[in-house]
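Visitor: please work out how this folds:
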Amino acid sequence: MAVKVRPQMKLFDKTIDDSVLEDMLIQREHKREALVSSREAFNLLDDDAKARIKDLKISGTVRCGAFAISVKTAAGRSVEFETKPSKRIRISPVKEW
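Guide: Alright, predicted model coming up:
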């Protein structure tokens, strides 16, 4: 009987067996999913609030209840900078087939 290898598994150089790391990654993924959901809800409310501020034509700094709102305009400019070498670590879940 031939062993069936999922197509995705062929993409990896090697597989490690580290239950501590795997548990950390599972916890991380659950928190990431919660964060994504919260961020989406926040972004919708943030967009609505900023649209309201724009509709009210607020400028400068004003107070609304317990919040300070500051609206500043910045002119466009040319920016030039250098970056340093870096190592990027990307962690993503493997979809099961």
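Visitor: tell me the secondary structure at the residue at minimal distance from the centre of the chain.
Guide: By CA atoms, centre = their mean, the chain has its centre lying nearest to Val36, at 6.9 Å. Classification of Val36 using DSSP: H, G, I helix; E, B strand; the rest coil returns helix.
Visitor: for it, give its distance to Val20.
Guide: Going from Val36 to Val20 by CB to CB, to the nearest Å gives 25 Å. Every residue, glycine included, has its C-beta placed from N, CA and C.
Visitor: likewise Ala74?
Guide: Ala74 is 47 Å from Val20, where distance means CB to CB.
Visitor: same deal with Asp48?
Guide: 43 Å.
Visitor: out of these two, which sits in the more crowded spot?
Guide: Counted by other CB atoms under 10 Å, Asp48 and Val20 do not tie: Asp48 has more neighbours, with 10 against 7.
Visitor: stretch 53-64: end-to-end distance?
Guide: This stretch, stretch 53-64, spans 11 Å end to end (CA to CA, to the nearest Å).
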